[in-house]
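**Q** structure of the sequence below:
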Amino acid sequence: MPPSLRALLLALCCSGAFAAPAEHKEFEATLHAPFRAEQADARRTFSLNFSYPGLEQPATVYWKLELLNPEKRIVQVWRGSSAFTGEDVPAQVVWNGRIKGAPAPAGLYTVRMRAILRGVHHDDRHGAVEQDWQIAVGSQPAARMPRFAPLPDGRARRDGVPMAPAAASLPYTVYLANLHSQSNHSDGGGALDDCKGAQDPLKAKYGPEAAFAYARGRGLDILAVSEHNHMYDGSDGTNLEGDPTKAKDLFKAGLASAAAFNATKPGFLALYGMEWGVINNGGHINIFNSDELLGWESNALGELMADTRTPRNDYAALYSLMRQRGWVGQFNHPSHSGQFIVNGVPLGYTPDGDEAMALCEVMNSTAFSVNDSETEKRRSNFEQACNRLLEAGYHVAFSTNQDNHCANWGASYTNRTGILLPNGTALTRDSFVEALKARRVFATMDKGSQLVLTANGKLMGERFTNRGPLKLVANFASSTGKKVAAVSIMEGVPGRNGTVTEVSNLATSTFTPAPGKHFYYAKVTQEDGNVLWSAPVWVTQE
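**A** Numbers count the residues shown, from 1 in each chain. Predicted coordinates for the structure are as follows:
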């Protein structure tokens, strides 16, 4: 690290700072539903966990767990409630594998959780959290999948291993990414032996250089360090004594550290960007390729603590700026309601936003995990919110990240975002951004598995007009021999603001869509319960 950069970081990290719980003041509820029964007698335990960092008054969490049979009918319901002060509150439900006293018939079931917090706001309720996971009951044959060899990956290229694509493959190389994490340039970077949540801004031990080196050492090809854009003043609120020059210089130092790392570590991409926005009546957006620090806060002298002013919670204005600048973004851990509001509409659509926003986080491991063995069980599913964005008209692909605030970048679980680059293309910020703009992306909970959807031979992410039959193929590959338990081809209509539904449970499906606009994506559940999501294709049927 250059002496000037070291001095800058020392000055910033040792200046006055404020605690950082406010940025994470939201209700989090997670569900872990083992895909297979843990006991020979078919029993299994469903684990729920509830938290609310920075909760200011006691409340009560109410939850409901539903078991749906393969025909999607509710066959069993559990309910519960717990006094809640904001600290983690676990709950467990043991299911004996029986329905109305008889063994449950074999098949793929769904476990659905709905949790709500009461006693926090004037209306005595907080936004509900909903998520569901598939489970397997009994034995069933593995799904029939088309022959598809794994695409070459970035790790093999770095290690010099020849990885020519097989005949049944595609001319792309997969790079595995974690596109959401923090370091001590905001509220991340806490040492694992002393990391209990968000860190005080600019105070933790580890910065972006440590994050990049750690992620590369753990086998990742890409790490995005995405710092909260409003914490460069050293506070979670507004620091009236903040120095705008130091704030802007710190952001520039982060960009420089990523560039320096990339210059000496070819085959790995260090990304330094920002997580724009706040949770309260807002929503977080990652911006991956901005060289400008965006913000809305000023110090007591009225000096902007950023390079470019962006009004707080004005998502329409942000999308317009992003489109003008050519920046690409990701909806981070989107909520069903109350976030990304445009003209009073949550998850509201704008043409500028459609152009700028390329990704939606569909599943994340918990942000404050200290697990470094890839075995974290607390995870959140945001597929329903991502589907609402797709139905609103957004052309987004799915990503899955870890939002690491502790020094375990990419190591809390095996989930990764797969980025497809044409074979022979160097991994750079420009080629990464090009792949995102083309939506050549898949999300996987298993770093050893890949999922690529094709439509009449066209690659996922494409938009095209079709006549006659449409052939969708969910191309799945596993380098570790994993099998597929279930396939879902999901269908929706952009701009309808309706419901995404399953149109087929076959990996190869041929049908003629109704005239009009459609999107389709593939969802695959492995025999171990890990899920993969392809990017959609967008089809206008004539």
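
**Q** okay, now Pro146: neighbour count?
**A** Using other Cβ atoms under 10 Å, Pro146 has 12 neighbouring residues. Quick note: C-beta positions are derived from backbone N, CA and C, even for glycine.

**Q** so it: helix, strand or coil?
**A** Put simply, Pro146 is coil when judged by DSSP: H, G, I helix; E, B strand; the rest coil.

**Q** right, and it touches Ser509 too?
**A** No: counting by Cβ atoms under 8 Å, Pro146 does not reach Ser509; the two are 11.0 Å apart.

**Q** so Gly254 sits in a helix?
**A** Yes: inclusion of Gly254 in a helix is indicated when three-state DSSP is applied.

**Q** that one: how many residues sit nearby?
**A** By the measure other Cβ under 10 Å, the count of residues near Gly254 is 26.

**Q** ok, and for stretch 49-57, which residues are buried?
**A** For stretch 49-57, burial by neighbour count (16 or more other Cβ atoms under 10 Å) applies to 49-55.

**Q** among those, which one sits closest to Gly468?
**A** Gly468 lies nearest to Asn49 out of those, by Cβ to Cβ, at 49.0 Å.

**Q** distance of the closest one relative to Leu31?
**A** Between Asn49 and Leu31 the computed distance is 8 Å (Cβ to Cβ, to the nearest Å).

**Q** in stretch 172-189, what counts as buried?
**A** For stretch 172-189, the neighbour count (16+ other Cβ under 10 Å) marks 172-189 as buried.

**Q** apologies, that question was intended for stretch 371-390.
**A** Under the neighbour-count criterion of 16+ other Cβ under 10 Å, stretch 371-390 has 371-372, 376, 378-390 buried.

**Q** hang on, Gly353 in a helix?
**A** Yes: counting by three-state DSSP, Gly353 falls inside a helix.

**Q** correct me if wrong: it contacts Tyr394.
**A** Yes: here Gly353 reaches Tyr394: they are 6.8 Å apart, a contact under Cβ under 8 Å.

**Q** tell me the confidence at Pro58?
**A** What the model reports as pLDDT for Pro58 is 89.

**Q** for the nearest residue to it once chain neighbours are set aside, which residues are in contact?
**A** Leaving aside its sequence neighbours, Pro58 sits nearest to Thr85 (Cβ to Cβ, 6 or more residues apart in numbering; 5.5 Å). Listed by Cβ atoms under 8 Å, 6 or more residues apart in numbering, the contact partners of Thr85 are 55, 58-59.

**Q** and what of Lys437?
**A** Neighbour list for Lys437: 328, 358 [criterion: Cβ under 8 Å, 6+ apart].

**Q** can you check Arg379 too?
**A** Arg379 makes contact with 30, 32, 363-366, 413, 415, according to Cβ under 8 Å, 6+ apart.

**Q** tell me the one of these nearest Phe288?
**A** For the contacts of Arg379, the nearest to Phe288 is Asn364 (16.8 Å; Cβ to Cβ).

**Q** the residue nearest the centre of the chain sits in which helix or strand?
**A** Central residue of the chain (Cα atoms, centre = their mean): Glu361, 2.8 Å from the mean position. Element membership for Glu361 (DSSP states H and E) is strand 357-365.

**Q** does Leu67 belong to a helix, a strand or coil?
**A** Put simply, Leu67 is strand when judged by three-state DSSP.

**Q** hey, what's it bridged with?
**A** With DSSP bridges as the criterion, Leu67 is bridged to Gln76, Val111.

**Q** surely it and Asn96 touch.
**A** No: between Leu67 and Asn96 there is no contact under Cβ under 8 Å: 11.5 Å.

**Q** who has more neighbours, those two?
**A** Legend: neighbour count by other Cβ under 10 Å for Leu67 and Asn96, higher for Leu67 (22 against 14).

**Q** how about the contacts made by that one?
**A** 74-77, 95, 99, 109-112.

**Q** what is the burial count for Thr428?
**A** 13.

**Q** ok, now how distant is it from Pro266?
**A** From Thr428 across to Pro266, the span is 10 Å (Cβ to Cβ).

**Q** between these two, which contacts overlap?
**A** The contact sets of Thr428 and Pro266 do not overlap (Cβ under 8 Å, 6+ apart).

**Q** helix or strand: which one has the nearest residue to Gly97 once chain neighbours are set aside?
**A** Spatial nearest neighbour of Gly97, chain neighbours left out: Ala42 (2.7 Å); criterion: Cβ to Cβ, 6+ apart. According to DSSP H and E, Ala42 maps onto no helix or strand at all.

**Q** so who does Ala42 touch?
**A** Here Ala42 is in contact with 96-98, 103-104, 137-138 (criterion: Cβ under 8 Å, 6+ apart).

**Q** any low-confidence regions in the stretch 251-400 of the chain?
**A** Along the stretch 251-400 of the chain, segments meeting pLDDT under 70 are nowhere present.

**Q** can you give me the strands for it?
**A** Listed from the start of the chain, the stretch 251-400 of the chain has strands (DSSP state E, counting those that start in this stretch) covering 269-276, 285-287, 294-295, 308-309, 329-331, 357-365, 379-381, 397-401.

**Q** just send those back as a markdown table, with distance to Asn229 too.
**A** Compiled in a markdown table, these are given as follows (distance: least, Cβ to Cβ, whole Å):
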| stretch | distance to Asn229 |
| --- | --- |
| strand 269-276 | 4 |
| strand 285-287 | 8 |
| strand 294-295 | 5 |
| strand 308-309 | 10 |
| strand 329-331 | 12 |
| strand 357-365 | 16 |
| strand 379-381 | 22 |
| strand 397-401 | 18 |
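
**Q** and those strands: which comes nearest Asn262?
**A** Asn262 sits nearest to strand 269-276 of all the strands of the stretch 251-400 of the chain, at 5.4 Å, using Cβ to Cβ.
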